Each structure stands twice: as C-alpha cells, then as structure tokens.
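Show me the folded form of this:
(one chain, ligands or ions: 1)
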Amino acid sequence: MRSTPAVEVVGLVKRYGRNGAKTAVDGLDLTVEPGRVTAVLGPNGAGKTTTVETCEGYLRPDGGTVRVLGLDPVRDGARLRPRIGVMLQSGGVYPGARAQEMLRHTAKLHRDPLDPDTLIARLGLDGCGRTTYRRLSGGQRQRLALAMAVVGRPELVFLDEPTAGLDPQARHATWELVRELRDCGVTVVLTTHFMDEAEQLADDVAIIDAGRVIARGTPEELCRGGAEDSLRFAGRPGLDLKSLLTALPAGSAATELTAGAYRVDGRIDPQLLATVTSWCAQHGVMPERIAVERRSLEDVFLELTGKELRA
Ligand SMILES: Nc1ncnc2c1ncn2[C@@H]1O[C@H](COP(=O)(O)OP(=O)(O)OP(=O)(O)O)[C@@H](O)[C@H]1O
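Numbering: from 1, shown residues only. I've put the predicted structure just below:
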C-alpha cells in the first residue's frame, strides 16, 4: 500500500514581477514520500527555493495545488507550522540575540523539543553559544539555522542548501544529523548544489530546470538510466580492438587510451563484462585493473541541464 505523501505538489505555478511577467515555477509536480530524504537539485534560478518556500507557506501559488502533511500551507499554516521545521537562510533573527538563547527560546515554543544544549554541541557551536547572532560567522549562522529547524522534532523538515559555506567537519556533522533525522522517521526535503551531498544523503532526487521537474528517481536509478557507462582494463598494448568489437553488442565502442589502457563504452552489464573477459581469455590476454565506471549524479545533472552557465 502506498503511504500518503508528506508533500504533494501538482501543477505548481509561481510568477514574480509586475503582472507576473517572470514565471519562476511552471507547472511543477513533486511528491515527497514520508520518512525519506528527498534532494531537490537544479541550476541557479531553476525554481527550487520558490518551490520550497511555497511548501513552507511563505509564498502563495499562482496555480496548482500544494499539500504538506495533507494540509494547505497557506490556508492551514497555523496547524502546519508546529509540525514542520524550516531552515531559514537569513532574516527573522534579532542580530543582538545570543545563539544559545535563540535556540532555547525556539525549543520552548515546542511541546517535546530536543535538548538545545546537546544540539549546540552536536553542531560544534558550543564555543559560540554566548556569541550574538551578528558576530557569528556565515557557517555558524548556517548551523544555528539548522539547529532551529530541527529542535522542535518536526515531522518534516525543509533544508535550503544546508551545507552551503560549511567547512568539511560541519558538513559531515550536518549529514550525520540529517541521517539521524531520517532514521527517526523524519521526512527531509533539501536543496543542494553539491551532487556528492545528494548522492550521500538522498533516497530520492528531483532535478528541476526552468520551473519544472525534468528527472526523478533514486540516485541509483538516475545514474543507471539511459546513457552509458564505461569499462576500463589494462592488458598488453596493441590488442585487436576490431576483433573485440565484433564480440560486443552493437553500439559499443572500444578504445586504447594509452598503450595498454583500454576503455569499452556502452551499456555495461554483467553480460558485457563476461564477453570482454572471455574475449581476453580466447586471445591469451590477462585483463588487469578491470573497473566499471558508473555515471555520477553530476554527470547525469550536466547531461540533463547542460553545461552552460545560468543567470
Ligand atoms: N522575489 C522575486 N522577485 C522576482 N523574481 C524572483 C524572486 N525570487 C525569485 N525570482 C526569480 O525566480 C526564478 C527562480 O528563483 P529561485 O530562487 O526559486 O531559484 P533557485 O533554483 O532556488 O536558484 P538558486 O540555485 O540560485 O538558489 C529566478 O529566475 C529568480 O530570479
């Protein structure tokens, strides 16, 4: 039985500017399954933040429907807000407040909060609990925003670029926290420009471009789908690649990259691997350092969204 989605966006349209001249989100459909981490990826200006902010109830859709935990984020905002966690990039913060006070205060607004001091330590903020917000570094503010989003034990948390500008230690601490949230059954929706982050954390990925979802799936599904992988091996130089090609399925390619270093491109499956090794056996070749190179999420992302810079 399919569970009720944590987020269900159907045909979302959001326009900005005078007379709605700028269409930021253009008929976007997105379903987020509960208890999973969904990463929303897309080039700059694709419409990720607009989509997330609409789900959070900060923006009113111009078209389509948005349901979050079964509620309308605008109409049912008062009922929804205590159940979701939102990581704000900035704003809504009094610059003179101290980090620890802010988190303790936020915790008090919830019925069954996490312990703020433990959270502060977890995110490496214990050295700056008494520092005022205005004196926190960018990365410290980012971590505080994450702590404020999760301290209330939300059912669903939206994280907009949670690790932008973080050092590697803080990035890993953030990843750990996201994994723990998921293990506790929390649904996580995050936007990111880091493909390794999506590969590491996401159960599901949605790639957005020009205000629409252009690809969906688990990271594995996206990396497997459609395009090709490659198989590399080393052997004695000058192998008869024409002969190898006749053994391979149509559409494959074989290249000697440098003397004795070979690459086979095509749909690399167990059968193809067996064909290559059996061809090698027939020709007295010992293939060494055999490696199958799968496409990374970054390869898929660039294939789908192009390599040119976005405004
Ligand atoms: N308040 C606004 N007024 C006018 N245009 C806006 C506004 N907010 C966003 N836009 C435009 O809408 C489009 C989508 O913006 P959005 O911030 O949702 O993209 P994004 O995918 O989050 O981008 P990034 O990766 O750069 O954060 C962009 O072209 C942006 O310039």
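
okay, CA-based contacts and neighbour counts for the rest of this
Noted.

what stretches of the chain score poorly on pLDDT?
1-2, 89-92, 225-228, 307, 310-311 (pLDDT under 70).

how about the strands in it?
Using DSSP state E, the strands found in the chain span residues 7-16, 22-32, 37-41, 63-68, 84-87, 156-160, 187-191, 204-209, 212-217, 229-234, 253-258, 261-266, 288-293.

Any chance of the ones you listed in JSON lines with mean neighbour count as columns?
Below are the strands of the chain laid out as JSON lines (neighbours: other C-alpha atoms under 10 Å):
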{"stretch": "strand 7-16", "mean neighbour count": "19"}
{"stretch": "strand 22-32", "mean neighbour count": "20"}
{"stretch": "strand 37-41", "mean neighbour count": "26"}
{"stretch": "strand 63-68", "mean neighbour count": "20"}
{"stretch": "strand 84-87", "mean neighbour count": "22"}
{"stretch": "strand 156-160", "mean neighbour count": "25"}
{"stretch": "strand 187-191", "mean neighbour count": "25"}
{"stretch": "strand 204-209", "mean neighbour count": "24"}
{"stretch": "strand 212-217", "mean neighbour count": "18"}
{"stretch": "strand 229-234", "mean neighbour count": "19"}
{"stretch": "strand 253-258", "mean neighbour count": "15"}
{"stretch": "strand 261-266", "mean neighbour count": "20"}
{"stretch": "strand 288-293", "mean neighbour count": "14"}
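
Distance to the ligand added to those, as CSV?
Listed next are the strands of the chain as CSV, based on distance: least, C-alpha to the nearest ligand atom, whole Å:
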stretch, distance to the ligand
strand 7-16, 5
strand 22-32, 4
strand 37-41, 8
strand 63-68, 15
strand 84-87, 14
strand 156-160, 8
strand 187-191, 8
strand 204-209, 8
strand 212-217, 10
strand 229-234, 28
strand 253-258, 37
strand 261-266, 33
strand 288-293, 28
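
Pretty sure residue 30 sits against residue 214.
No: between residue 30 and residue 214 there is no contact under C-alpha atoms under 8 Å: 10.6 Å.
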